[in-house]
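> missing the sequence, but the structure's below:
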């Protein structure tokens, strides 16, 4: 959003991150208030995560997440 000050430590929208509270991997959709919004690879509802509980996803997790997204896109009509 225009004029919004982004946290320099926050993950970039579009990147993959891990919610350290439960280990879920999600694509960073953005942020609302103090929370980072994540969405599971391949879609689904977004969930909010406090920024201190988000870390960048390791390369292996990113590759698995991208494969899930591509597989899901292949099943769409």
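In hand now; what should we look at? This one's a predicted model, so the numbers in the text were calculated from it and none came from an experiment.

> my guess is residue 24 meets residue 18, correct?
Yes - with contact defined as CB atoms under 8 Å, residue 24 reaches residue 18; the gap is 7.2 Å. In short, each C-beta sits where N, CA and C put it, glycine included.

> Of these two, which one has the most company?
Per other CB atoms under 10 Å, whichever of residue 24 and residue 18 has more neighbours is residue 18, with 20 against 14.

> where in this protein is pLDDT low?
Applying pLDDT under 70 to the chain flags the ranges 1-9, 76-77.

> Show me the helices in it, by range?
Secondary structure of the chain (DSSP state H): helices at 59-75.

> tally of neighbours for residue 75?
7.

> let me redo that: residue 39
Residue 39: 14 surrounding residues under other CB under 10 Å.

> any idea how far the residue lying closest to it once chain neighbours are set aside is from residue 15?
In this structure, residue 39 finds its nearest non-sequential neighbour in residue 46, 4.7 Å apart by CB to CB, 6 or more residues apart in numbering. With distances taken as CB to CB, to the nearest Å, residue 46 is found 15 Å from residue 15.

> Check residue 42 too.
Note on residue 42: its distance to residue 15, by CB to CB, is 16 Å.

> Comparing those two, which residue is more hemmed in?
Neighbour count, other CB under 10 Å: between residue 42 and residue 15, residue 42 has more, with 16 against 13.

> Hmm, that one is touching residue 74, no?
No - the criterion here is CB under 8 Å, and residue 42 misses it with residue 74 at 10.5 Å.

> I'd guessed residue 19 sits against residue 53; true?
Yes - with contacts counted by CB under 8 Å, residue 19 reaches residue 53, the gap being 6.1 Å.

> Between these two, which has more neighbouring residues?
Just comparing residue 19 and residue 53: by other CB under 10 Å the higher neighbour count belongs to residue 19, 19 against 14.

> Could you give the bridge partners of the more buried one?
residue 24, residue 54 (DSSP bridges).

> OK, contacts around it?
By CB atoms under 8 Å, 6 or more residues apart in numbering, the contact set of residue 19 is 25-26, 38, 47, 49, 53-54.
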